[in-house]
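Asks: this is a predicted model, with the sequence first.
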Amino acid sequence: MKNIDQEFLYQTRELGVQISDTLGEPPDRRRYERVIASLIGEYANGTVIDDVNMLSFALVDHLVFGNTAGLLAEAKNYEEGDAAKVMQMVSCANSSSSDALAAVFAADPELARKAIITAYLFKHPKGWKDEDHSLDALQEEEDKANADEDEDESYHGENIEHLFDTRGDGND
């Protein structure tokens, strides 16, 4: 995965889950946009929620990534990095999100750095995921899927065996 820190990978997956959960099924874009607007408003007013995922969730659709190679390089280390440098690699799509990011950066530069990188990784997975599309890799993936199906089938069978135990002693 191109030397991405494991914590960034985790935060990126969590961001995807958070977005999916907020959108709901069926997806409700208006509700999602209201939640985002509310979060951006809180951050812009100086409320800093010390949660990388929450900030990246609020800003993910509003960030414009200018230096993708630089952001990818900064994703190699979750705990240490140059927050000011990362801030220079992005801009915001509107003034409210810009105000929110500026307020968080002033209060907690590391939180802003981590959230920006997480949002970048989420929005641009092709830039960092090493996907193998060779025939061997595709065959291996298919074999794994078939093995998983076989496990699922045997599991379901084991689940209902007790229904046929007429004596009640665990033996058929």
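Replies: Structure's in. What do you need? Computed from a prediction, not measured in an experiment: that's the story for all the values here. Residues are numbered from 1 along each chain as shown.

Asks: got the domain boundaries for this protein?
Replies: Domain assignment of the chain by automatic domain parsing yields the ranges 6-127, 135-164.

Asks: out of those, deepest packed?
Replies: domain 6-127 (a mean of 17; mean count of other CB atoms under 10 Å). Every C-beta, even on glycine, is put in place using the N, C-alpha and C of the backbone.

Asks: quick one: average confidence on that one?
Replies: For domain 6-127, mean pLDDT is 92.

Asks: for stretch 7-23, list the C-alpha coordinates in CSV.
Replies: Extracted C-alpha coordinates of stretch 7-23, given in CSV (Å, rounded to 0.1, in the frame of the first residue of the first chain):
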residue,chain,number,x,y,z
GLU,A,7,-3.4,4.4,11.3
PHE,A,8,-4.1,6.4,8.1
LEU,A,9,-5.5,3.3,6.5
TYR,A,10,-7.7,2.6,9.5
GLN,A,11,-8.9,6.2,9.6
THR,A,12,-9.7,6.1,5.8
ARG,A,13,-11.7,2.9,6.2
GLU,A,14,-13.6,4.5,9.2
LEU,A,15,-14.3,7.6,7.1
GLY,A,16,-15.9,5.5,4.5
VAL,A,17,-18.1,3.7,7.0
GLN,A,18,-19.1,7.1,8.6
ILE,A,19,-20.1,8.5,5.3
SER,A,20,-22.1,5.4,4.4
ASP,A,21,-23.8,5.4,7.8
THR,A,22,-24.7,9.0,7.6
LEU,A,23,-26.1,8.7,4.0
